[in-house]
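Engineer: fold the following.
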Amino acid sequence: MFESLGPMPPDSILGLMEAFREDLRPGKIDLGVGVYKDAKGDTPVLSAVKKAETLRLENEATKSYIGPAGAAGYNAAVQELVFGRDASSALDDRISVAQTPGGCGALRIAAEFIVRCRENAVVHVPDPTWANHVPLLGDAGLEIREYPYLDRATNGLRFDAMASYLGKLGPNDLVLLHGCCHNPCGADLDPSQWQAVLELAQDRGFTPFVDLAYQGFGDGLEEDAFGVRCLAEGLPELIVATSCSKNFGLYRERTGSIALLSANAKTESITRSQLLNVIRGIYSMPPAHGSAIVETILGDAALRSEWESELGEMRDRINGLRSLLVERFAARGDGGRFAFIERQRGMFSFLGITPEQVNRLREEHALYMVESSRINVAGASTDNVDALCDAVMSVL
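Structural biologist: Purely as a prediction, here's the structure:
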């Protein structure tokens, strides 16, 4: 049976990771891998997470299953974090939340759920979007189309073109939106643009599908949830996928959730039953450790305060690095070419250079980034920023 298979092409980012590890040159710089890094280049375990894990180990009484929906306390805490305390309470009888194995698990469960709702549904994703959106959604059988989003000449949004495109959609369509800190381009919708998307959805009947993978990494926990909350307040239906990989640093614990907003309590009951049935048929039940950490932190005032402080430090470091990169590029006479970096949010931006220039950076300067020139801003530091800017300017 196995002999009928052919090899799959290697994953470009995993290959980049391997090449970086094998590079023995001193001063090499990794801007490719999409995880948060501190000034030392490490992805740390947050202090609040360590304390929550200690409490977990001291108080855990069973290793029994937690059920297809996951931990109820975790689901309730994430629902409040995403939708806000007041809105979460007001919408409680319309929201179904289930814990998932990471944000990827949430996206795939959402895709399988959408297929049950409407087999011929079309999911429209921004150009560009996170590369893994396409297989996670498309492999469930959904048709994927792109809508205009990034203006690569200015690294700003093509919002007029986006709005024109969305204005032609209908009830058979879903629109994937990055809730904040767009991956890979870092260019986000502003509040007025979120309001415009809401009005288009109300008028045309399409369903927004928000991937909120970086809440707290842009401008703050509340600010980064504006889009989700704007849509939830004004629409009968909404799909939201979330991840705790970034804001809690729980990458390897695979902790995420899916939230479905239904039109009313009766529909929510049916929606929940279908959602749990989808989960049961795929991985049956999610892992418990990561969700227990999050639930512990969000349920303890002191730990939550410590976590929010640590999250703020990560956010401030990234935003500070954006300003520093712009300053150092300007000092080298870039003519404002990279000024957009400071206006964007989250870990990622495109430098807007060619694949050939990206290859030269790797070969001549040990500076690693993906071929599209997407950089992980958190891979920069005060120690390497000058070498980074010198290298980029040298290949322009």
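Engineer: care to break this protein down by domain?
Structural biologist: 10-44+308-395, 65-299 (automatic domain parsing).
Engineer: what is the subsequent helix or strand relative to the lengthiest helix in the chain?
Structural biologist: Determined from DSSP state H, the single longest helix within the chain is helix 301-331. Scanning forward in sequence from helix 301-331 by DSSP states H and E, the next helix or strand is helix 340-343.
Engineer: how far off centre is that following helix?
Structural biologist: 19 Å (CA atoms, centre = their mean, to the nearest Å).
Engineer: who does the longest helix of the chain touch, helix- and strand-wise?
Structural biologist: helix 47-59, helix 289-298, helix 340-343, helix 385-395 (3 or more CB pairs under 8 Å, 6 or more residues apart in numbering; DSSP states H and E). Bear in mind the C-beta positions are built from the backbone N, C-alpha and C, glycine included.
Engineer: ok, and what's touching the last one?
Structural biologist: Residues outside helix 385-395 that contact it (CB atoms under 8 Å, 6 or more residues apart in numbering) are 27, 29, 31, 321, 324-325, 328-329, 332-334, 351, 353, 357, 360-361, 364-365, 367, 380.
Engineer: return a PyMOL selection command for the buried portion of the residues you listed.
Structural biologist: Buried residues within the contacts of helix 385-395, by 16 or more other CB atoms under 10 Å, are selected in PyMOL with:
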select buried, resi 29+31+321+324+325+328+329+334+351+353+357+360+361+365+367+380
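Engineer: wait, Phe84 sits on Arg229?
Structural biologist: Quick fix: residue 84 reads Gly, not Phe. Yes - using CB atoms under 8 Å, Gly84 makes contact with Arg229 at a distance of 5.7 Å.
Engineer: wait, what's in contact with Ala140?
Structural biologist: So Ala140 contacts Arg108, Ala111, Glu112, Ile114, Val115 (CB under 8 Å, 6+ apart).
Engineer: out of these, grab the one that's most surrounded.
Structural biologist: Ala111 (25 neighbours; other CB atoms under 10 Å).
Engineer: let me know the pLDDT of that one.
Structural biologist: With respect to pLDDT, Ala111 scores 98.
Engineer: from Leu46, how far off is the nearest residue to it once chain neighbours are set aside?
Structural biologist: The shortest distance from Ala111 to any non-neighbouring residue, by CB to CB, 6 or more residues apart in numbering, is to Ala140 (3.6 Å). According to CB to CB, to the nearest Å, Ala140 and Leu46 sit 33 Å apart.
Engineer: can you pull out the strands in the stretch 51-200 of the chain?
Structural biologist: For the stretch 51-200 of the chain, the strands defined by DSSP state E, counting those that start in this stretch cover 95-101, 122-127, 143-148, 150-151, 156-157, 173-178.
Engineer: which of those sits closest to Arg343?
Structural biologist: The closest of the strands of the stretch 51-200 of the chain to Arg343 is strand 156-157. By CB to CB, the value is 7.9 Å.
Engineer: list the helices and strands the closest one packs on?
Structural biologist: strand 150-151.
Engineer: now what about the strand it packs on, what contacts it?
Structural biologist: With CB under 8 Å, 6+ apart as the criterion, strand 150-151 contacts Pro126, Asp127, Pro128, Gly156, Leu157, Arg158, Cys185, Ala187, Phe350.
Engineer: again, 7 Å this time
Structural biologist: Outside of strand 150-151, the residues within contact range by CB atoms under 7 Å, 6 or more residues apart in numbering are Asp127, Pro128, Leu157, Arg158, Cys185, Ala187.
Engineer: so what strands line up beside that strand?
Structural biologist: strand 156-157 (antiparallel) (DSSP bridges).
Engineer: quick one: buried residues of stretch 13-29?
Structural biologist: In stretch 13-29, the ones that count as buried by 16+ other CB under 10 Å are Ile13, Leu16, Phe20, Lys28, Ile29.
Engineer: can you add pLDDT and give the residues you listed back as a markdown table?
Structural biologist: A markdown table is the format used below for these (pLDDT from 0 to 100):
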| residue | pLDDT |
| --- | --- |
| Ile13 | 81 |
| Leu16 | 89 |
| Phe20 | 93 |
| Lys28 | 96 |
| Ile29 | 97 |
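Engineer: adding secondary structure and distance to Gly299, write those residues out as CSV.
Structural biologist: Listed next are these as CSV, based on DSSP: H, G, I helix; E, B strand; the rest coil; distance: CB to CB, whole Å:
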residue, secondary structure, distance to Gly299
Ile13, helix, 35
Leu16, helix, 39
Phe20, helix, 39
Lys28, coil, 42
Ile29, strand, 40
